[in-house]
Each structure stands twice: as structure tokens, then as C-alpha cells.
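*Asks:* Here is my input; please provide its structure:
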Amino acid sequence: MAQRAFMEQHPRPTLLSDFILGSQDGLVNVLGILLGLVAAGTPAHFVLIAGLSALAAESLAMAAVAYTSTESRRKLYHSEVAREEREMREVPEMEREEVRVILRNWGFEGAEVEDMLQRIEKKPKAWLEMMMAFELNLSPIESGAPRESALVVGGSTLVGHLIPLIPFFFLLSDTITASYAAVILSAVTLFVIGWYEAKLTIGNLWKSGIRMLVIGLGSGFAGFLIGLAIPHL
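*Replies:* Got it, this is the predicted structure:
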């Protein structure tokens with residue numbers, strides 16, 4: 001129970017990055033689209049249709065990208081495991097020297113290095129995992145990780161898209177007011193995402209929240225500028 005509670009409060013770093021990627025990307029993209037269309041004078045129902053179309057298309061696309069990229073990293077890890085196992089059998093002295101380099105970087109010297117090397121050689125699994133982690137900088141990826149990443153990225157992208165769209169469902173007859181409401185709602189959400197990221201890491205809560213807000217709204221504002229320029233082109 002204690003371990004489960006800890007995991008619920010401290011999600012894996014990959015899940016945190018997946019959540020931030022999806023939610024920020026979804027929110028910023030649709031906000032830019034909505035502001036650009038409103039600035040260009042697009043009819044209200046077209047603005048809503050465009051926002052909903054972007055929601056459906058990008059949520060599925062982001063989920064697919066998350067799945068394939070995570071699966072590729074998983075396949076890469078297993079292929080490197082096979083290569084390291086082969087080298088441990090065929091060129092063990094080269095692998096021993098690589099272990100010595102790692103140990104020296106950790107501060108071991110002289111006889112300490114050889115003593116630690118002998119201990120590691122007696123545990124092939126530990127030897128292999130040491131090479132994967134500290135020579136290749138690769139971590140194992142569970143078989144369910146691609147599906148999990150796709151669900152988190154796709155779901156958070158969907159939620160992120162909905163945030164700036166909500167005001168347009170209720171204020172479609174007044175897209176200017178809906179745009180102001182979308183910006184305010186998006187700003188609050190972006191700040192909360194940044195704040196949440198800092199809460200789970202070691203960042204400053206306010207600084208992280210404001211940074212996320214500025215980056216997100218700045219990107220969304222680019223869509224607004226393009227919308228203003230389109231009628232004059």
C-alpha cells in the first residue's frame with residue numbers, strides 16, 4: 001500500500017513528460033487556431049468546426065506518435081542488450097576495459113578497480129545492466145509502456161484541446177468574448193501545469209508556472225498575429 005501511494009504521488013518521469021507534452025501541445029495548438037480564425041473574421045460556426053477537427057485529428061496523431069516512438073525505444077533497448085551480450089561472450093576484455101573506465105569515473109583507483117571488476121564479472125546480469133545504464137545510457141522499457149504512453153499523451157492532448165474550446169460552446173454568438181475567456185482559461189491551465197511539474201520535481205512553483213504560461217500564450221499569440229495578417233494579404 002505504501003509503495004502504491006508513493007507511485008500515485010510520484011508518477012514515473014516518462015509519464016510526467018508525456019502528460020506535459022500532450023496537454024501543453026493540445027492547448028497551445030488549438031488556442032492559436034481559434035485566435036487566428038477569430039482575428040481573421042471567420043464565421044463563428046467555422047471556428048468551432050476547425051477547433052473540433054483539430055481536437056480529433058491531433059489527439060489521435062499525438063497518441064500514435066507516442067506509441068511508435070516508445071515502441072522504437074523499447075526495440076532499440078533490446079537490440080542493444082543482444083549486442084552487449086554478444087560482446088561479453090566474444091570480446092570480454094574490451095568489455096572489462098569499459099567497466100574499468102566507468103569505475104574510474106566513479107572515483108575507484110588501482111586495486112579497487114580490479115577488485116570491483118572481479119565482483120561484477122561474477123554477476124553477468126549486473127554486468128549487463130551496468131553497461132546498458134552507464135555506457136549506453138539506456139533504460140529498460142516495459143512491454144506495456146507504448147500503450148500507456150499513447151493513452152497519456154492522447155488523453156492529455158484531448159483535454160488540452162478542450163480547455164480553450166469550452167468558452168466557444170457557450171459564447172459562440174460572441175467570438176470576441178469567447179476568445180478573451182479562452183485566453184484567460186488557457187493561462188490559468190498553463191500555470192497549473194507548470195506549477196504541477198515543479199511540485200513533482202525540484203523547480204520553483206511560481207517560476208515554473210509563469211514560464212509555462214508565457215511559453216504557451218506566446219505560441220498561441222502567433223496564431224492570432226497570422227489571423228490578423230491574412231485579410232491584408
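
*Asks:* which stretches of this structure have low pLDDT?
*Replies:* Applying pLDDT under 70 to the chain flags residues 1-13, 233.

*Asks:* Show me how the record splits it into domains.
*Replies:* As assigned by automatic domain parsing, the chain contains the domains 2-73+143-232, 74-134.

*Asks:* If we ignore the residues flanking it in sequence, what's nearest Gly22?
*Replies:* Ser156 (3.2 Å; Cβ to Cβ, 6 or more residues apart in numbering). Yep, even glycine has a C-beta here, placed from its N, CA and C like the rest.

*Asks:* pretty sure the one you found is touching Ser17, no?
*Replies:* No - assessed by Cβ atoms under 8 Å, Ser156 is found out of contact with Ser17, at 10.7 Å.

*Asks:* between those two, which one's more packed in?
*Replies:* Set side by side, Ser156 and Ser17 show more neighbours around Ser156, with 26 against 15, by other Cβ atoms under 10 Å.

*Asks:* quick revisit: can you list the buried residues in the helix or strand harbouring the residue nearest to Gly22?
*Replies:* Here Ser156 is covered by helix 145-170, with elements defined by DSSP states H and E. Burial within helix 145-170, assessed by neighbour count using 16 or more other Cβ atoms under 10 Å, is assigned to 145-146, 148-165, 167-168.

*Asks:* again, but for stretch 101-117
*Replies:* Applying 16+ other Cβ under 10 Å to stretch 101-117 flags 102-103, 108, 113, 116-117 as buried.

*Asks:* Report the contact partners of the closest residue to Leu35 other than its chain neighbours.
*Replies:* Sequence neighbours aside, Phe224 is the residue nearest to Leu35 in space, at 3.9 Å (criterion: Cβ to Cβ, 6+ apart). Taking Cβ atoms under 8 Å, 6 or more residues apart in numbering as the criterion, Phe224 is in contact with 32, 35-36, 38-39.

*Asks:* Likewise for Thr14?
*Replies:* By Cβ under 8 Å, 6+ apart, the contact set of Thr14 is 145, 149.

*Asks:* Would you mind measuring from it to Arg73?
*Replies:* Distance, Thr14 to Arg73, by Cβ to Cβ, to the nearest Å: 10 Å.

*Asks:* again, but for Lys199
*Replies:* 27 Å.

*Asks:* Have a look at those two and say which one is more surrounded.
*Replies:* Each of Lys199 and Arg73 had its neighbours counted (other Cβ under 10 Å), and the higher figure belongs to Arg73 (16 against 13).

*Asks:* Roughly how far does the more buried one sit from Ser149?
*Replies:* Distance from Arg73 to Ser149, by Cβ to Cβ: 10 Å.

*Asks:* quick one: the helix or strand where Ser59 lies to chain centroid distance?
*Replies:* For Ser59, the element it lies in under DSSP H and E is helix 44-90. Distance of helix 44-90 from its chain centroid, counting by Cα atoms, centre = their mean, to the nearest Å, is 11 Å.

*Asks:* Next secondary structure after that helix?
*Replies:* Using DSSP H and E, the helix or strand that directly follows helix 44-90 along the chain is helix 92-105.
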